[in-house]
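Undergrad: below: sequence and its predicted model.
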Amino acid sequence: SAVISQKPSRDICQRGTSLTIQCQVDSQVTMMFWYRQQPGQSLTLIATANQGSEATYESGFVIDKFPISRPNLTFSTLTVSNMSPEDSSIYLCSADGQGTHEQYFGPGTRLTVT
Amino acid sequence: GENVEQHPSTLSVQEGDSAVIKCTYSDSASNYFPWYKQELGKRPQLIIDIRSNVGEKKDQRIAVTLNKTAKHFSLHITETQPEDSAVYFCAASGGSETSGSRLTFGEGTQLTVNP
C-alpha cells in the first residue's frame, strides 16, 4: 500500500484568505483524489487530480474555489480559496496505485476558518 | 451517479458478539466495494474489499459478502473486541469508464463494542 503524507496537519485561517494543502505519496500512483469530511460525517469527493491535465470536479465543487495541481505522479496540491467558515472541515487526499481501485488515505488536514 | 446507503448508523454490541453492517448501491455496473475503518481523529483505513466477480471474502475475524443481483454487500465482524470500536464506511466504485476509481461512500456506522 502507498504511504501518504499531507501538510499542514491543521491550520486556523481568517475568512477571505486561501490555504494550499500538499499531498505526497511515496510511490508513483495513477490516480489521486481530494475529499472533504465534515465532523461526524462521511467523505465527499471534491475532485480527481489528473497528472498532466486539469482536475475533474464533482458536482458542487468548482475550480475557482478548489484549484488543484498534479505536477507529477507522486504529488498534488489542493487550494481552498477565499475561505469562509463553511469551509471548516477535514480535507483528505487519497491515492489509487496502478489502477487497482484500492485507495489509501493521507492523515488529513484539519482546517478551521474564523 | 452512484448512491450508497448504509445501515445501521449506530451499532452497539457486547464484546465477543458478532456485528453486521449492510450497504446497498444503485449502479449495477459498480464492481469494487471496499470497507474502511476510521478511528477518532485518524485517517480512514482500508480493512477489506471485494470485487464483483467474488461472492464472499474473509480475512481473520472480518468477512464481506456481495449480492450483485440485489445490489447489496455486508461487513461481518466476529468475536468483536473493544478495539473494533470505530466508524465503518462502505463504498462503491467502478460503475463506468468515466468514473474509474472514484469512490462513493455510505454515511458510516458507529460501532461500539462494550467490554
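TA: Structure received.
Undergrad: all strands of chain B, in order?
TA: Here chain B has its strands, by DSSP state E, at B:4-7, B:10-14, B:19-25, B:32-38, B:45-51, B:56-59, B:62-67, B:72-77, B:86-92, B:104-105, B:109-114.
Undergrad: need the ones you listed in JSON lines (columns: mean pLDDT and mean neighbour count).
TA: Heads up, the C-betas are built off the backbone N, CA and C, glycines and all. Conversion of those to JSON lines gives the following (pLDDT from 0 to 100; neighbours: other Cβ atoms under 10 Å in any protein chain shown):
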{"stretch": "strand B:4-7", "mean pLDDT": "98", "mean neighbour count": "18"}
{"stretch": "strand B:10-14", "mean pLDDT": "98", "mean neighbour count": "13"}
{"stretch": "strand B:19-25", "mean pLDDT": "98", "mean neighbour count": "20"}
{"stretch": "strand B:32-38", "mean pLDDT": "97", "mean neighbour count": "22"}
{"stretch": "strand B:45-51", "mean pLDDT": "95", "mean neighbour count": "17"}
{"stretch": "strand B:56-59", "mean pLDDT": "94", "mean neighbour count": "12"}
{"stretch": "strand B:62-67", "mean pLDDT": "97", "mean neighbour count": "18"}
{"stretch": "strand B:72-77", "mean pLDDT": "97", "mean neighbour count": "21"}
{"stretch": "strand B:86-92", "mean pLDDT": "97", "mean neighbour count": "25"}
{"stretch": "strand B:104-105", "mean pLDDT": "95", "mean neighbour count": "24"}
{"stretch": "strand B:109-114", "mean pLDDT": "98", "mean neighbour count": "17"}
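Undergrad: what would those look like in TSV with distance to chain A?
TA: What follows is the strands of chain B, written out as TSV (distance: least, Cβ to the nearest Cβ, whole Å):
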stretch	distance to chain A
strand B:4-7	8
strand B:10-14	12
strand B:19-25	12
strand B:32-38	4
strand B:45-51	6
strand B:56-59	13
strand B:62-67	14
strand B:72-77	14
strand B:86-92	6
strand B:104-105	5
strand B:109-114	9
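Undergrad: save those as CSV, and put in distance to A:Gln41 too.
TA: Below are the strands of chain B laid out as CSV (distance: least, Cβ to Cβ, whole Å):
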stretch, distance to A:Gln41
strand B:4-7, 12
strand B:10-14, 14
strand B:19-25, 16
strand B:32-38, 11
strand B:45-51, 18
strand B:56-59, 27
strand B:62-67, 23
strand B:72-77, 19
strand B:86-92, 10
strand B:104-105, 10
strand B:109-114, 12
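Undergrad: compare those strands and give me the one nearest A:Glu58.
TA: Minimum separation from A:Glu58 across these (Cβ to Cβ) falls at strand B:104-105, 10.0 Å.
Undergrad: need the residues of chain A near chain B, please.
TA: Within reach of chain B by Cβ under 8 Å from any Cβ of the partner chain, chain A has these residues: A:1, A:31, A:33, A:41-45, A:48, A:59, A:92, A:96, A:99, A:101-108.
Undergrad: which of the residues you listed are buried?
TA: A:31, A:33, A:42-45, A:48, A:92, A:96, A:101-108 (16 or more other Cβ atoms under 10 Å in any protein chain shown).
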